[in-house]
Every structure is written in structure tokens, then in C-alpha cells.
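> This is a predicted model, with the sequence first.
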Amino acid sequence: VERKIDFNGLNMDVINGQDGWTSVNNINADGNTSCVDIYIGYGSQTSPDLTMNAYYPCGGPNVGRTASRVSTPAFPFDFGNASIMEIQVDIYSAWWRTFFGFGYDANGNGYIVPGIEQTAAYQTNEGGIGIYLCRRPQSANLISFMKPDGTKIHFTYDSIYAGWNTYKMVIDFDANGGQGNLSLFAKSPGQAFNPIQDVQNINLGLTRGSGTKTDPAKWTKMFIQSTGAYGAFDNIIIRQPDVPAGMQYQYITFPPIGNHLTTDAPFQLMAYTNKGLPITYSILSGPATVNGDMLTLTGTPGIVKVVASQPGTTTIMAAANDTVSFNVIDPLSVFPKLSVKCPLPADTIIAPNLGKFLMFAKATIDHSDILSINYVEAIVDGGTSVHANETANDYYFTYLDAIASGTHNIQVRAHSTGGTVTDTAFTF
């Protein structure tokens, strides 16, 4: 079963009062009177599906807006009776802080997150689950997942700074003896979900029937919040798989596999299920074989697709297969790119005292995630090779001896870690 809020059926106006949404200020009122609310429309940062979204366009430190709505009319379910649930949302994070989540608004004032109250009305029994995001690099410590008891688990995800991303929380309410667990995933537009390693199988500490913020039956509101500059939300989706009576739902998490060289040694595959059952791997296509959880490359380049599966048991459902792809690169097919900046061909170097002169060049290589420049060397007039010093921006430099006035030959070579060499030679 899947339910979705995409804002496309709303009017291009403030969110407050539309489709059950209400909104409130954060701590400080915005001095810009044109920024009175979260808006529905297209905004300045178009969502990945090119449709309308909910966006907040202005603000500064502690200046922003929180919108909330009762969850049940939008999503016909009760968190208190849930078993397995996926919660997914597209977010363009604001500069200072963004929050998305579900929870218990004990006093009904539209807040569940401490620190963004306009007044000191926050109640200690308010809480839920959600993610804090932030695009301000100096405030990366704010990026976190909030547990129902208010505990925050910091995580890193570099694509936050690039713009729109999709986040998915997978919750197993029956795990850990009813205390539940949660795993967080994220992806850039057009990419596959990656597990956020710091937030995998987190014990939520649920206390069903307690009537407190750790009782999921009390999570009756969803919240979107943006503080300080542009933030936006779209495509809030909740999925609940059909689980037969007496069975438990199972899913696979298969972390992405980076590119490899044809010469790489066998390596271990690291997929797992939320029920801890053993994974079976198979090669769908590409230059590799698999034995157990060890993958071996055959030595030829290509794209490898690996399938992870788990058939289930008499009480646990079979998991949906998960497939991961990666490239295998022949290191001998990738050559450095070399550009000598000084001296230049036919250049004239003024060295009246025959002192040392500067040589510097730029050297890069494709597939820099698995290959790099090993070293750059320079040779004058067939003499001794001198290794250049590497800088932080792909430049290499050294000082060479001016043996005598006149025309000289120079040869500059860039060596890759894959064994290839690019060289250039000229006179100056």
C-alpha cells in the first residue's frame, strides 16, 4: 500500500489552511514581510520531477517556518498498529536547518522539535522521529536523525550540499521485542539509494501503549520545517507492504560497490537483511564470479551486476532481490593527462647566472576514485631524472639546474598508479 502527498493539487499560495496544513513561526519573526509562510509552487529550486512543491524562500538564523498536519486523513494508517513502514521524502535542505518527521504534538501548538519554538511552550513529552539537515558546512554537526526520546544521531551525507535529495526511513516496529528499529537511506536524483551508515538498525526504544512520545500511536502529526534561506519539500510517500498473518517482513540492504580495477583482488560482498538471515549472491552480468560472499573479477573490463537474495523462512517473508552495479576498469587503458605550464616549447628562460629554473605541470587521470598520479618526473638533456613535488590542486613542480646557456631538451613524464605513462618532450 502506498500513499503520497505531492502538493500538486494545492493552490499556488501559502500552505497555511490548505489540505489540513497549519504553520507557525520559528523563534524569530522574519523581518522580510514577503516571507510570511511556507509556500506552494515551483520556487527557485525546481523539484526533480518538475512539479509543485512546498518551499520556504527566506530567513536567517532562527528565522523560519514550521508546517504540520494531522497524518491520518492524508495517510490512512495508525503508527500504533504498524509493522513495517517506509517513509520517503524529497528535500532541498535550507542553509541553516531543515527538519522532516512525524511525532506527538502534546499541546497542539505545531511544534515537536526543541529549539525552534517561538515561545517557551515546548513540552518534554513531545517528540517523534525525523531528520535534521543543514547545508551550512560550518554547522554539519546539526545533520542528524532524531529518535523518539529526543536523542540525536549525527550522520554525514555529502550530497546534502548539492541540492535536492531523496531520503527514506525504513521502520520495523516489531524488531527488538517491540522497541522497533529504523534504517535511513538517501540518494541524489536519478541514483540508487545508499544506506546512511551511521543510522542503520537503530533501536527506537518504543514503548507501545505508554501514551508518551515513545508510543507510536501518539505520532499523529507530520512536520516540515525550514530555517534560514531556501528550503523545500516534495513527494512525501509512505509505503506499507502487505504482510500475511503470522509472517514477518524482510528487506535487503546492499551497500553500493565502488569501481574496481581488473587487477583487484577478490573482495567480500556486504549485503544484509533486517532479520539477519544469510544472503545468497549471484552475478546477473559482467566479468566476475561469486562464491559465497566473495566476488572475484575475471580480469576483463566491463559492468558487473550482482544480485542479493534471501528466500525467507516459514515465518519470515522472502526479501525482494536487491541489485548493485559497478564498473571494472583496465588500468592499462587509462593514461594520465599531462600539461606542462613552464617552460613552454620554444620558450626563453632568462638565467644570467645559470641558476635553477622552475618546471611545473598539471597531471590528472580519469577514474580518480581508483587511479591516481603516482609521480611526475622531469629530465633535461637526457640527464638525471628529477621527481616533482605534488601540490593539492593536481600541480607538480621542481627546480632544475641550468647547465649552460643555449637550447636544451626537456622531457616530462606523468606515471599513473595503474602502470601507464604519458610524456611530452620539447626544446626551450
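Great, that's in hand. If you're wondering where the values come from, they're calculated on a predicted model, not measured in any experiment.
> Show the contacting residues for the closest residue to residue 281 other than its chain neighbours.
Ranked by Cβ to Cβ, 6 or more residues apart in numbering and with sequence neighbours excluded, the top spatial neighbour of residue 281 is residue 290, at 4.8 Å. Any C-beta I mention is one placed from the backbone N, CA and C, and that applies to glycine too. With contact set as Cβ atoms under 8 Å, 6 or more residues apart in numbering, residue 290 has these partners: 269, 281, 282, 283, 296, 306.
> mind running it again at 10 Å?
By Cβ atoms under 10 Å, 6 or more residues apart in numbering, residue 290 lies in contact with 266, 269, 280, 281, 282, 283, 296, 304, 306, 307.
> What's the PyMOL syntax to select whichever of those residues are buried?
Command for PyMOL that selects the buried part of the contacts of residue 290, burial taken from 16 or more other Cβ atoms under 10 Å:
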select buried, resi 269+281+304+306+307
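> Am I right that the residue nearest to residue 281 falls within a strand?
Yes. Counting by DSSP: H, G, I helix; E, B strand; the rest coil, residue 290 falls inside a strand.
> how much space is there between it and residue 324?
12 Å (Cβ to Cβ, to the nearest Å).
> same thing with residue 217?
37 Å.
> Please apply the same query to residue 420.
According to Cβ to Cβ, residue 420 stands 28 Å off from residue 324.
> all helices of the stretch 301-428 of the chain, in order?
Under the criterion DSSP state H, counting those that start in this stretch, helices are not mapped anywhere in the stretch 301-428 of the chain.
> actually the stretch 1-150 of the chain, not the one I wrote
71-74.
> if we can go back for a sec, spit out the residues that contact residue 290 and residue 324 alike.
269, 281, 304, 306, 307.
> centroid residue for this structure?
Centroid-nearest residue in the chain: residue 157, 4.1 Å away (criterion: Cα atoms, centre = their mean).
> so it touches residue 135, yeah?
No. In terms of Cβ atoms under 10 Å, residue 157 does not count as a neighbour of residue 135; the distance is 11.2 Å.
> Could you name every residue contacting both of the two?
By Cβ under 10 Å, 6+ apart, the residues touching both residue 157 and residue 135 are 93, 143.
> picking up where we left off before, and the residue nearest to residue 281, bridged to which residues?
Counting by DSSP bridges, residue 290 is bridged to residue 295.
> measure it to residue 238 for me?
Per Cβ to Cβ, residue 290 is found 35 Å from residue 238.
> ok, back up a step: residue 392: which of the shared contacts of residue 290 and residue 324 is nearest?
Residue 392 lies nearest to residue 304 out of these, by Cβ to Cβ, at 33.2 Å.
> ok, now which ones touch that closest one?
Per Cβ under 10 Å, 6+ apart, neighbours of residue 304: 257, 260, 283-288, 290, 295, 297-298, 324-328.
> what does residue 316 give?
Residue 316 neighbours (Cβ under 10 Å, 6+ apart): 247, 248, 249, 250, 273, 274, 275, 276, 277, 310.
> who does it bridge with?
Applying DSSP bridges, one finds that residue 316 bridges with residue 248.
> Quick check: it vs residue 202, distance?
For residue 316 relative to residue 202 (Cβ to Cβ), the value is 21 Å.
> Equivalent analysis for residue 234, please.
Applying Cβ to Cβ, the value for residue 234 to residue 202 is 26 Å.
> repeat for residue 24
For residue 24, the distance to residue 202 - Cβ to Cβ - is 29 Å.
> Same question for residue 382.
Residue 382 is 64 Å from residue 202, by Cβ to Cβ.
> who's more crowded, these two?
Taking other Cβ atoms under 10 Å, residue 382 and residue 202 do not tie; residue 202 has more neighbours (20 against 7).
> Just read off the phi/psi values of the more buried one.
Dihedral pair for residue 202: phi -80, psi 130, per degrees, to the nearest 10.
> ok, what's across the strand from it?
With DSSP bridges as the rule, residue 202 is bridged to residue 182.
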